[in-house]
Each structure stands twice: as C-alpha cells, then as structure tokens.
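Novice: below are the sequence and a predicted model; questions follow.
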Amino acid sequence: MGIVEPGACAETVTAKELTGLIVPGLGFSTDGFRLGRGKGFYDKFLSTALIENPQLITVGICPKKCLIKSQKAANKYKTSEFELRKDELIDFKIVQDWAQPVNWIITEEGYFRTDKQM
C-alpha cells in the first residue's frame with residue numbers, strides 16, 4: 001500500500017509504555033467500531049494491547065462523512081464540539097467477533113467520546 005514503516009533498527013515499544021493510540025480506519029461507527037479492510041489486524045492488536053494496558057486511550061480519526069450509525073443510534077448524537085444528525089450518518093453496520101471499539105473519535109468538525117467505558 002506504500003505506507004512507510006519503521007526500519008529494522010527502530011526501537012520497539014510495548015503497550016504498557018503507551019498512553020494513547022491513534023487507530024486508522026476507513027470510517028467508524030458512533031459507538032467506536034472501525035470500518036477496516038476485513039482482516040482484523042488492528043482489532044487483534046488492540047485486544048492484546050488492552051490486556052497489557054487497560055488504561056490505553058484509543059482514538060479513531062476519520063472524516064465526518066465516514067461515520068456509521070451504531071446499533072444504539074438515537075435521533076441526535078450530542079458531542080463536545082458538534083452535533084451529528086441521524087440522517088447524516090451512513091446506515092451500515094457489521095461488527096466482527098474480534099472488533100475492538102475506540103474511546104474517542106475525531107473528525108474535521110470536532111471530537112466525541114464513544115460508548116466504550118475506559
């Protein structure tokens with residue numbers, strides 16, 4: 001995919017050493033689940049990382065137009081910086097067994113905490 005990766009001599013960091021982690025995704029549901037490529041690599045990594053460091057804060061970043069309705073969708077999602085109207089969200093949701101939600105989601109218009117308990 002052309003993504004630059006650290007070289008072989010790069011220092012390894014364990015999950016216990018991390019405070020926060022930015023999680024990439026094609027989009028996110030409003031309850032924190034990521035829309036990825038279907039292999040579960042990030043979810044499996046997050047599962048292991050959260051066992052090592054249960055206080056790890058996870059943040060998903062995506063454009064507002066890539067937010068997906070959660071199964072708990074209400075008429076409005078009030079966030080700290082902006083409002084998401086239900087009709088502005090993509091109506092699609094498939095959550096795999098291994099899926100791990102993020103704590104926060106950031107878009108170009110603001111940020112909000114998901115339903116995931118920290």
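Specialist: Alright, I've got the coordinates.

Novice: what residues of whichever strand or helix holds Y42 count as buried?
Specialist: Per DSSP states H and E, Y42 falls inside helix 41-52. Within helix 41-52, the residues that qualify as buried are 42-43, 46, 49, counting by 16 or more other Cβ atoms under 10 Å. C-beta coordinates here come from the backbone N, C-alpha and C atoms, glycine included.

Novice: tell me the mean pLDDT over it?
Specialist: Averaged over helix 41-52, pLDDT sits at 87.

Novice: heading C-terminal from that helix, find the next helix or strand.
Specialist: Following helix 41-52 toward the C-terminus (DSSP H and E): strand 57-61.

Novice: other SSEs contacting the helix holding Y42?
Specialist: Other helices and strands packing on helix 41-52, by 3 or more Cβ pairs under 8 Å, 6 or more residues apart in numbering; DSSP states H and E, are strand 20-23.

Novice: can I get the strand it packs on as CSV, trimmed to CA atoms?
Specialist: Only the C-alpha atoms of strand 20-23 are listed here, as CSV (Å, rounded to 0.1, in the frame of the first residue of the first chain):
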residue,chain,number,x,y,z
GLY,A,20,-2.7,6.7,23.7
LEU,A,21,-3.0,5.1,20.3
ILE,A,22,-4.3,6.6,17.1
VAL,A,23,-6.3,3.9,15.2
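
Novice: so what's V23 up against?
Specialist: 34, 42, 46, 58-61, 102 (Cβ atoms under 8 Å, 6 or more residues apart in numbering).
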